[in-house]
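Visitor: dropping a prediction and its sequence here:
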Protein chains: 2
Amino acid sequence: MDELGLIRLLTRDLALTPAVKVGAGDDCAVLDVGIPDRYVLLKADAVVEGIHFLADTPPRKIGHKALGRCLSDIAAMAGTPGSALVTIGLPRRFDPQQVTAIYAGMNALARRYEMAVVGGETTTNPDRIFLSVAVLGTVARDKCVLRSGAKPGDAIFVTGQLGGSLAGKHLEFDPRLAEARWLADRFTVHSMIDLSDGLATDLRHVLTASQVGAEIRSQAIPISAAAKRETRAGDSTKTPLLAALTDGEDFELLFTLAGRQAVPLLDAWKTQFPALPLSCIGKITTAPGLKLRDPGGVRDLTAEGYVHFA
Amino acid sequence: MDELGLIRLLTRDLALTPAVKVGAGDDCAVLDVGIPDRYVLLKADAVVEGIHFLADTPPRKIGHKALGRCLSDIAAMAGTPGSALVTIGLPRRFDPQQVTAIYAGMNALARRYEMAVVGGETTTNPDRIFLSVAVLGTVARDKCVLRSGAKPGDAIFVTGQLGGSLAGKHLEFDPRLAEARWLADRFTVHSMIDLSDGLATDLRHVLTASQVGAEIRSQAIPISAAAKRETRAGDSTKTPLLAALTDGEDFELLFTLAGRQAVPLLDAWKTQFPALPLSCIGKITTAPGLKLRDPGGVRDLTAEGYVHFA
């Protein structure tokens, strides 16, 4: 059974209450807990030794990644993080310096975003470090952006440059919190998601949730220098374009808004965030499915994110 | 390095914000997120295969325990749970039926307390199941009970019967949510904690946080039938009293209130919760330390929870 099949099984019969505005299936849960004008956002995620980092990964970067993944999800709802809880499973013989440095990485990132680390648990995971982080954030009720609001005619945008994250960015990325809030404050963002599973897969999550399709242009996909370098060096069997479409852990934002807002947005963005590229990569369509337009024509992008050229 | 030493190290330099009313070090974090008259409670905890349950533990009970541990901590603040997030780390070859049943156990407990399960993450933990749960609850600002409020002269109470939890109760316990809220609504509870590490250790947490001492009476400690049975069967090297003092995972409440409230409380409790024993086990003292009074005299209880008879 694959991960998506398992998640479908597990989310079929979850306990619910009227406070739950959005439950499982978006970047964060959205809760009405009685804050006037605001919702609470709740997100938990984990990084595991040997899967998301290695035994010799610099430990501050492990902490940065563990918290940063949750913050990227808070950003995808246009939210503001408030507090984090940390649960760490450690082998019986652990290195206190390594663990302290993991926490230092988390605390440094937390301070940068003026949030708190409010505790958690230490427990035993005999074979490897397992680091689970839960984050509570909030968002203005009328600014919260879901995956499910994309509309035909929307322009599709991504921040940053995609692909090749494993070369380093996956341990050092900046969650796009300020950018997402600025966007939601000034534009009517219809849908948003953070890119963690790869552009093709994450865009498909938006399309499924919104019951629409999309056509993206291959020449508009912003390809990272790392993705290009890996192909040149022979380190990847993927072309740079395929890496940008399918590599995971970019931790950039993908969002959609009405096509007529595209040019004003691009202009305002350049002034506001001159160091971070913003790319319009295509448009939302009424016809379902995800298509890639390149100089040779229009082709299907499969659910797995891989491009099968006809 | 032991767990307490590690926790001291990790909590030395946590990021903080003005919203944090109580950070690391109590049963839950207490946050002011702008709900009029209420605080948010946040708690995360984990259960790990081979540590907190076994490969052949009935999976619904694994789910019950994972969520129940957090609910016991929400109870210890006199709070009400609202929503839970679940992060599960699974070996690559997992049994979908086992995982579904674990979630069924969590959802059943969640429904019993009218709370929601709002999502989470699935990830890989190659060697064993690692189940991390984060719970958001709330509590009336003037009813939130901390560990740090015990006062000399307070009577010390525990609910239920203690010791021998590993014989079964650790997988089936009822978090004392209704009892704790009833208490906080009707009495001025000075301090409260849930019993997860064993009475002697958990009471010591209250004493340290409150900068007081305590004297408890051996003949007043409610000893569970399981603890007595294990001694009779030769399954434990501990006496039943020692088991009640030092076994973990009772998931009962320990709390203190002014001595003059002790008798009115015991009377009202019997009417309200006839099936759940409530025991006054001793009193808070100005002199630091934890002492055990038995027919032979007064002795020290050590930090480790073991009784060294002089």
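Guide: In hand now; what should we look at?
Visitor: from A:T124, how far off is the residue in chain A sticking out farthest from the centre?
Guide: Centroid-distance maximum for chain A: A:R93 at 33.5 Å, with Cα atoms, centre = their mean. Using Cβ to Cβ, to the nearest Å, one obtains 11 Å as the distance from A:R93 to A:T124. Quick note: C-beta positions are derived from backbone N, CA and C, even for glycine.
Visitor: also A:V298?
Guide: 53 Å.
Visitor: and those two? Which one has more around it.
Guide: Neighbour count, other Cβ atoms under 10 Å in any protein chain shown: between A:V298 and A:T124, A:T124 has more, with 16 against 10.
Visitor: how about that one: what's its closest non-neighbour residue?
Guide: B:I51 (5.1 Å; Cβ to Cβ, 6 or more residues apart in numbering or on different chains).
Visitor: phi, psi for the residue nearest in space to the middle of chain A please.
Guide: By Cα atoms, centre = their mean, chain A has its centre lying nearest to A:D194, at 2.5 Å. When read as degrees, to the nearest 10, the backbone of A:D194 gives phi -100, psi 150.
Visitor: if I pick it, what's in contact with it?
Guide: A:D27, A:S72, A:D73, A:A75, A:A76, A:P175, A:R176, A:D202, A:F251, A:E252, A:L253, A:L254 (Cβ atoms under 8 Å, 6 or more residues apart in numbering or on different chains).
Visitor: just those residues: which are in strands?
Guide: A:L253, A:L254 (DSSP state E).
Visitor: what's the closest of the contacts of A:D194 to B:G168?
Guide: A:D73 (38.4 Å; Cβ to Cβ).
Visitor: any idea of the pLDDT on the closest one?
Guide: Per-residue pLDDT puts A:D73 at 98.
Visitor: pretty sure it contacts A:A29?
Guide: No. Contact criterion Cβ atoms under 8 Å: A:D73 and A:A29 do not qualify, at 10.1 Å.
Visitor: need the overlap of contacts for the two.
Guide: The contact sets of A:D73 and A:A29 overlap at A:K43 (Cβ under 8 Å, 6+ apart).
Visitor: export only the CA atoms of the helix or strand hosting A:E121, formatted as PDB.
Guide: A:E121 is part of strand A:116-124, with elements assigned from DSSP states H and E. What follows is strand A:116-124 as a C-alpha-only set of coordinates in PDB (Å, rounded to 0.1, in the frame of the first residue of the first chain):
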ATOM      1  CA  ALA A 116       8.000  30.000  21.000                       C
ATOM      2  CA  VAL A 117       9.100  26.400  21.700                       C
ATOM      3  CA  VAL A 118       6.900  25.500  24.500                       C
ATOM      4  CA  GLY A 119       8.000  22.000  25.400                       C
ATOM      5  CA  GLY A 120       7.400  18.500  24.300                       C
ATOM      6  CA  GLU A 121       8.600  15.000  25.200                       C
ATOM      7  CA  THR A 122      11.700  13.000  25.100                       C
ATOM      8  CA  THR A 123      11.300   9.300  24.600                       C
ATOM      9  CA  THR A 124      13.200   6.200  23.300                       C
END
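Visitor: packing partners for it?
Guide: Strand A:116-124 sits against strand A:80-90, helix A:96-112, helix B:3-10, strand B:29-31, strand B:38-48, with contacts defined as 3 or more Cβ pairs under 8 Å, 6 or more residues apart in numbering or on different chains; DSSP states H and E.
Visitor: got the buried residues for it?
Guide: Using 16 or more other Cβ atoms under 10 Å in any protein chain shown as the test for burial, strand A:116-124 gives A:A116, A:V117, A:V118, A:G119, A:G120, A:E121, A:T122, A:T123, A:T124.
Visitor: using pLDDT, spot the least trustworthy of these.
Guide: A:G120 (80).
Visitor: number of nearby residues for the nearest residue to it once chain neighbours are set aside?
Guide: Nearest residue to A:G120, sequence neighbours excluded (Cβ to Cβ, 6+ apart): A:V86, at 3.7 Å. Neighbourhood size, A:V86 [other Cβ under 10 Å]: 27.
Visitor: for A:V86, name its beta-bridge partners.
Guide: A:V86 forms beta bridges with A:G120, A:V133, as assigned by DSSP bridges.
Visitor: ok, residues contacting stretch A:215-235?
Guide: Contacts of stretch A:215-235 (Cβ under 8 Å, 6+ apart): A:156, A:158, A:160-165, A:167-169, A:199, A:203, A:236, A:238-241, A:243-245, A:247, A:277, A:279-283, A:285, A:290-295, A:298, A:301.
Visitor: go again with 7 Å.
Guide: A:156, A:158, A:160-164, A:167, A:169, A:236, A:238-241, A:243-245, A:247, A:277, A:279-283, A:285, A:291-294, A:298 (Cβ atoms under 7 Å, 6 or more residues apart in numbering or on different chains).
Visitor: chain center to it, what's the gap?
Guide: Put simply, stretch A:215-235 sits 19 Å off its chain's centre (Cα atoms, centre = their mean, to the nearest Å).
Visitor: ditto for stretch A:160-180
Guide: With Cα atoms, centre = their mean, you get 9 Å for stretch A:160-180.
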